[in-house]
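A.B. asks: Would you be able to build a 3D model of this:
(one chain, ligands or ions: 1)
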Amino acid sequence: MLTYLHQRQLFNGTVLIGEKGKVLYRKAFGIANPQTLEPLTTNSAFNLASVSKQFYTMMIMILKEQGKLNYDDRVQKYLPSFLYPTITVRHLMNQTSGLPEYFDIAAGDMNLFDTLNNQSMLALLAAKKPALIFQPGEQWQYCNTNYTILASVLERVSATTADKFFQQHIASPLKLRNTYVYQIQLKSYPPSRVFGLQFENQKPILNDLLRFDGIVGDGNVYSSVEDLYKWDQALYTEKLVEKSTFQEAITPGKLNNGEATKYGFGWFINERGKIVSHTGGWVGFGSIIIRYIDKNQTIIVLDNSSNFRAQGLVKNIWEEKPITLPTTHLITNVKVIDGTGLPAFAGGVRIVNDRIIDIGELTAFKNESVTDGKGFVLAPGFIDSHSHHDWGLFENPSAIAATNQGVTTIVVGQDGGSVPIDTIRARMKLNPMSVNLATYTGQAWLREQVMKDDLKRKATAVEIDSMKVILDRELDKGSLGLGTGLEYEAAFYSNRDEVVELAKVAAAKGGRYISHIRSEDMNLEESIAEIIEIGRAAKIAVQISHIKIAMRSKWGSSASILRQLQQARLEGVNITADVYPYAMWSSTPRVLFPKKDFENLASAEFATRELFDPASSVVTRYPPNKTYEGKTVTEIGKLNNETSEQALLRIIRETSDTGSSIVATSMSEVDISNFIDWEHSNICSDGSISGHPRGHGAFTRVLGKYVREQNLMPLETAVYKMTGLTAEHVGIKNRGLIARGYYADLVLFDPATVVDNATITNPTALSTGVEYVWVNGKLVYEQQVARPNYSGRFIAR
Ligand SMILES: [Zn+2]
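C.D. replies: Predicted coordinates for the structure are as follows:
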């Protein structure tokens, strides 16, 4: 297993397994230093990261036996500047102090070149006075701050440095030749020192240390597997402290209410009296020590390749539990367009399980599965920021409408509608599907929860408060933010203040605001002004959904609208937009009556003159009379000896209970191109699995028509607008780029042939030129065929 991992660059490190003082297995795999390529030995000293903690508690135990301190002494007794009077030394060792994590305290207060050390950390704590997360002893919470303060107590009480104390009282009596406390001031490194590394382009490069590394206590002890085994065996003796003293270190700590925790002094208690352990992780390094104390068996695994895979596998093999080896897959011979907008480069991409692990000039490992990319473009899977593909998705889990155009993540909860996240998660668990899904929480849905059917009015303050509670809960569950559809009747009668109140809740949780604005035609400019104001008032990033100019006399004004958006950005409002590449929209025909006067012939005449072309606009859903489906409004008029305007009124009247859908031609190509080209717009489909052709072809249409045929922008820019930029606009992390550690959502397409084929008469025709689509490392689409790997996941904000 270790050889397998090592050959695939998933393990570089040393392993020792011992029983009753005898070494059963010891082996070193790989290199200690990526620059010198010096090989590892079992005496090589790794940064133990948090496995270091057990050494600091041992030093405190030694001080206690020397009569120099007691565990229940207040920390303030030794560190007068420490502001928390009720925290004791024991709280620190047991991880029950309630202090916040120092990484978080320091974040934002440091320059790139600052090195934090124990003194500056204490000073920072005194200056920022962060509140305790809970009162000391009330809860258990793992926190590195505890141990950095413990080290400061140690240095104060012993009147020496942690390293000197360590050498004198632990390393020297146990003859640990390659174990020491690392200090950033060290002029030279001990020859046994191991450097953290990672593999890039299949070659090792340095990945070692960080600016926090002036800190000791929580980590920064270096040691080898051989020394750690000596240490482990010494813990069965009284070489360092009396047995009863050490026994307390591997006994669960107690909370104020008497409840036992699973942690002693620097040890996790897996099974009391039987198994204790600790893991460690830091830049480049991953480590574990497991002691089966009832059998005197020990496993030690140290890794310096930024991998954490071997530790758990060794443990499971030793405990005779099932294991699953990670699988790697190489995609070679591709032009990588990584989603940042930077130029394409030739190379390959390696996937391990669901993640991208390497990019560049890669050659296959022995027995590795390989996809030949045939020189095509490999891009991050497209993220559809405005999707209705969730309608019917659970019955059609292959999601071919999305995957055939290279989409791997759909963002739903659009236009004010949404489904609770618990429901989505439960459905996805029951019916896994081939695309990832993320969701906004819809304002109309919130209104319906609180106001029921009574939606044609403003919400009261009490009702808004109830909506806030629900929204807050959904945000905690991973909602991307608030979505509205202010043009639709469930939200049209709410005002800006109502939206702002809710948007503030989303802003407080780092969420975003996305909106089908109040008018895309008559009151377009005012509606854009409204979303800008919402962004300003709620201090939230706002995105205009499917930006368009759906009114003939306003065609050509996209440049001035973009100036309006740019001006808002200059004033500090983070406003963006998404856009789909069609001159026709699809919705309920009711949106053709901006004044909601659905029986007014004059308004119908305004609609045919300004808002859509009845002769080319097709009714796609008409429950009372299925024969109308597929016919234009003008054709339906002729069937009834009516004008187009009368036909429109008829359609509204006859479907007021059942609803209906229309694909309406309404926009100008010049405006569409301008919006697609705007540097802050990303591509969306607004599509679903049927109806408008955008549901099957929006992304491939941009690549084929706007990029290849019209040369509107470089391919790299278009991909950026489908991936990296979109992830930013909706707040999705670790997707949208081809980057190490990112999820392996990928699409391989032929830039010379890629194009949409879906049309209004054949809206489900699959795209050409999309070769393969992977979602979370699994192939879900191959040359117009869905593959039954339902590897999509719910993506939380
Ligand atoms: Zn919409």
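A.B. asks: which residues sit in contact with residue 456?
C.D. replies: 489, 492-493 (CB atoms under 8 Å, 6 or more residues apart in numbering). For every residue, glycine as well, the C-beta is placed using N, CA and C.
A.B. asks: hmm, who's touching the helix or strand of the chain with the lowest mean pLDDT?
C.D. replies: Within the chain, no helix or strand scores below helix 102-106, which has a mean of 82 by mean pLDDT, DSSP states H and E. Residues outside helix 102-106 that contact it (CB under 8 Å, 6+ apart) are 116, 121, 124-125, 128, 130, 144-145, 148, 212, 215.
A.B. asks: tell me the secondary structure for residue 324?
C.D. replies: coil (DSSP: H, G, I helix; E, B strand; the rest coil).
A.B. asks: Quick one: neighbours of it, just the number.
C.D. replies: Neighbours of residue 324 under the rule other CB atoms under 10 Å: 8.
A.B. asks: Pick the one among the contacts of helix 102-106 closest to the ion.
C.D. replies: Taking CB to the ion as the measure, the ion lies nearest residue 130 of these, at 43.4 Å.
A.B. asks: Now do the least confident helix or strand of the chain: distance to the chain's middle.
C.D. replies: 21 Å (CA atoms, centre = their mean, to the nearest Å).
A.B. asks: Okay, buried residues for the helix or strand just after it please.
C.D. replies: Following helix 102-106 in sequence order, the next helix or strand is helix 118-128 (DSSP states H and E). Within helix 118-128, the residues scored as buried using 16 or more other CB atoms under 10 Å are 118, 121-122, 124-125.
A.B. asks: Report all helices and strands that helix 118-128 contacts.
C.D. replies: helix 102-106, helix 144-158 (3 or more CB pairs under 8 Å, 6 or more residues apart in numbering; DSSP states H and E).
A.B. asks: Comparing those, which comes out most buried?
C.D. replies: Stretch with highest mean neighbour count among the helices and strands packed on helix 118-128: helix 144-158 (a mean of 24; mean count of other CB atoms under 10 Å).
A.B. asks: and the angle for it with helix 118-128?
C.D. replies: Put simply, helix 144-158 runs at 120 degrees to helix 118-128, going by axes from the mean of the first three to the mean of the last three CA atoms, to 10 degrees.
A.B. asks: in the sheet, who's paired with the residue of the chain found nearest the ion?
C.D. replies: Nearest residue of the chain to the ion, counting by CB to the ion: residue 516, 3.5 Å away. Under DSSP bridges, the beta-bridge partners of residue 516 are residue 485.
A.B. asks: Is residue 482 within a helix or a strand, and which one?
C.D. replies: Residue 482 belongs to strand 481-485, assigned by DSSP H and E.
A.B. asks: Ok, residue 479 next?
C.D. replies: Using DSSP H and E, no helix or strand contains residue 479.
A.B. asks: Same question for residue 46.
C.D. replies: Short version, using DSSP H and E: residue 46 is in strand 46-47.
A.B. asks: Residue 638 too?
C.D. replies: helix 633-639.
A.B. asks: Residues contacting that helix, please?
C.D. replies: 614-615, 617, 619, 628, 631, 643-644, 646-648, 650-651, 662.
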